[in-house]
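# return atomic coordinates for the entry below.
(chains A and B)
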Amino acid sequence: MNTKYLNPYLGGVLLGLVLLAANFISGRGLGASGALKSVVVQAANVITPEHAENAVFYKEYNHEHPKGPMRSWLVFQVLGVVVGAFISGALAGRLKVKVEHSPKITSKRRLIFALAGGVFFGFGSQLGRGCTSGSALSGMAVLSVGGFVTMAAIFGTAFALAYFVRKNWI
Amino acid sequence: MGPLVVNEIISSSTNFLFAFLIGIGFGFVLESSGFSSSRKLAGVFYGYDTVVLKVFFTAAITAMLGLLFFSLFGWVDLSLVYVNPTFLPSAIAGGVIMGVGFILGGFCPGTSVCAAAIGKIDALVFVGGLILGIVIFAEGYPLWESFYKAGFQGFPRINELIGVSQGVLALLMVLVALSMFWVGEWAEKKFPREEY
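Numbering: from 1, shown residues only, chains lettered A, B, ... in the order given. Okay, the predicted model is just below:
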């Protein structure tokens, strides 16, 4: 075990308090994928405005966010995540540009799998209305049935497939 | 009193400032707990490192109990707190697809942002993948829109489903979490790894 990291139970209590603060102050949970969705919609609005006006997905999103996709709670929160993670990494001496991977695989293989994993996770987060933070963690804290179902589906699937990609990790 | 923004104790602009501050706390805790390392995150699926399980469930029960006590003390009106909607088909299918992404990529969206912030190239590539996945969903939206919107069940809470009070459910959750922590500690002893 790397002792430089925070005790996981202490980390969990602190994360729980952050989530509690989000609910108490803003009446909502934490998230991540929603901010990336805002970025995608904003990019579509700027790069291909005509397409964004006609394609249903962007049209719906822009209709629900009349002040613009970037004026979103999650966008500000994720900017904070970048800053917070950077501060923590700086304090712990973990700031380092590198590709992290098991010694049994190459960097190239790691990057291909990271890209593929991101595509699946990005698509799934839209279909599932939120990712591990927004749907599973925040959903569970407010006892949402959907949150529990999504959590079980994410972790259950990853467990079920772990054997087939074990070379990447162990 | 709470939620502060819903009860107009703070303005929506101040709410964005708090979003930023809450995000700093979120990112700081995730990174400090080791969530910026895909090899640490993936450990939960092989038993050698169960930090994900411990942090995730401790956080969930802390926030759940906190909200219940805040509600009991009259500090927060739970009916004004956002509860995620339930659409069973898309929740299950979305979760399964995210599970595939998790085991292939070793990150989830929030942790990949943390890892990218401290310089992990693989995390930055994962974020690129996320954007691509969202674009694919957006562009093909007419193909899966009806499935996405199918089976809406409102905003049910799990305690309503099994017919107990929120307090009893929270107690059950704490017991489940404690037994999972016990399994996690056992797994780390059974599948130890020195260096990763």
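
# going forward, measure contacts and count neighbours with C-alpha atoms only.
Fine.

# could you count how many residues lie near residue 104?
Picking chain A for this. 10 (other CA atoms under 10 Å in any protein chain shown).

# you answered for a different chain; I wanted chain B.
By other CA under 10 Å, the residues close to B:Leu104 number 28.

# show me the contacts for residue 170.
Defaulting to chain A. The contact partners of A:Ile170, by CA atoms under 8 Å, 6 or more residues apart in numbering or on different chains, come to A:Ser102, B:Tyr46.

# ah, I was thinking of chain B
Taking CA under 8 Å, 6+ apart, we find B:Ala170 in contact with B:Ile61, B:Met64, B:Leu65.

# before we move on, what about A:Trp73?
Counting by CA under 8 Å, 6+ apart, A:Trp73 touches B:Asn15, B:Phe16, B:Ala19.

# and which of the residues you listed is nearest chain A?
B:Ala19 (4.6 Å; CA to the nearest CA).

# picking that back up, select from the contacts of A:Trp73 every entry located in strands.
With DSSP state E as the criterion, strands contain none of the contacts of A:Trp73.

# by neighbour count, which of these wins?
When neighbours are counted by other CA under 10 Å, B:Ala19 leads the contacts of A:Trp73 with 27 neighbours.

# dump the contacts of A:Trp73 into TSV; add distance to B:Ala117 and pLDDT as well.
Shown next, in TSV, are the contacts of A:Trp73 (distance: CA to CA, whole Å; pLDDT from 0 to 100):
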residue	distance to B:Ala117	pLDDT
B:Asn15	24	96
B:Phe16	21	97
B:Ala19	18	97
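
# rewinding a little: neighbour-wise, give me the winner out of the contacts of B:Ala170.
Counting by other CA under 10 Å, top hit in the contacts of B:Ala170: B:Met64 with 27 neighbours.

# give me phi/psi at the residue lying closest to that residue once chain neighbours are set aside?
Distances taken as CA to CA, 6 or more residues apart in numbering or on different chains put A:Ala141 closest to B:Met64, at 4.5 Å, once the chain neighbours are dropped. Phi and psi for A:Ala141, reported as degrees, to the nearest 10, are phi -60, psi -30.

# for burial, what's the neighbour tally of A:Ala141?
A:Ala141: 29 neighbours (other CA under 10 Å).

# restrict the contacts of A:Trp73 to those near chain A?
Of the residues in those, proximity to chain A by CA under 8 Å from any CA of the partner chain holds for B:Asn15, B:Phe16, B:Ala19.

# which SS class is the residue positioned nearest the centre of chain B?
Among the residues of chain B, the one closest to the centroid is B:Phe56, at 7.3 Å (CA atoms, centre = their mean). Secondary structure, DSSP: H, G, I helix; E, B strand; the rest coil: B:Phe56 is helix.

# surely A:Gly29 touches A:Val18?
No. Using CA atoms under 8 Å, A:Gly29 is not in contact with A:Val18; the gap is 9.3 Å.

# and those two? Which one has more around it.
More crowded of A:Gly29 and A:Val18, by other CA under 10 Å: A:Gly29, with 27 against 24.

# apart from its chain neighbours, what residue comes closest to the more buried one?
A:Ser138 (4.9 Å).

# OK, contacts around the one you found?
A:Ser138 is in contact with A:Leu19, A:Gly29, A:Leu30, A:Gly31, A:Gly147, B:Ala60, counting by CA under 8 Å, 6+ apart.

# report the longest helix in chain B, please.
Counting by DSSP state H, the longest helix found in chain B is helix B:166-190.

# so which bits of it are buried?
Residues B:Gln166, B:Leu169, B:Ala170, B:Met173, B:Val174, B:Ala177, B:Met180, B:Phe181, B:Gly184, B:Glu185, B:Ala187, B:Glu188 are the ones in helix B:166-190 that count as buried (16 or more other CA atoms under 10 Å in any protein chain shown).

# just give me the closest of those residues to A:Lys4.
For the buried residues of helix B:166-190, the residue nearest A:Lys4 by CA to CA is B:Glu188; the value is 17.6 Å.

# any idea which element A:Phe155 lies in?
helix A:145-162 (DSSP states H and E).

# what sits closest to the most centrally placed residue in chain A if chain neighbours are left out?
Against the mean C-alpha coordinate of chain A, by CA atoms, centre = their mean, the closest residue is A:Ala32 at 3.9 Å. Spatially, and ignoring its direct neighbours in sequence, A:Ala32 is nearest to B:Gly110 (5.1 Å; CA to CA, 6+ apart).

# for that neighbour, what are its contacts?
Shown in contact with B:Gly110 (CA under 8 Å, 6+ apart): A:Gly31, A:Ala32, A:Ser33, A:Thr132, A:Ser133.

# now do B:Ala63
Taking CA under 8 Å, 6+ apart, we find B:Ala63 in contact with A:Gly16, A:Leu17, A:Leu19, A:Leu20, A:Ala141.

# show me what the helix or strand hosting the third one is packed against.
With the criterion set as DSSP H and E, the secondary-structure element containing A:Leu19 is helix A:8-26. Using 3 or more CA pairs under 8 Å, 6 or more residues apart in numbering or on different chains; DSSP states H and E as the contact criterion, the neighbours of helix A:8-26 among helices and strands are helix B:12-32, helix B:51-72.

# I'd assumed A:Leu74 was in contact with the residue nearest to the centre of chain A.
Yes. Using CA under 8 Å, A:Ala32 is in contact with A:Leu74, at 6.8 Å.

# that'll do, ta.
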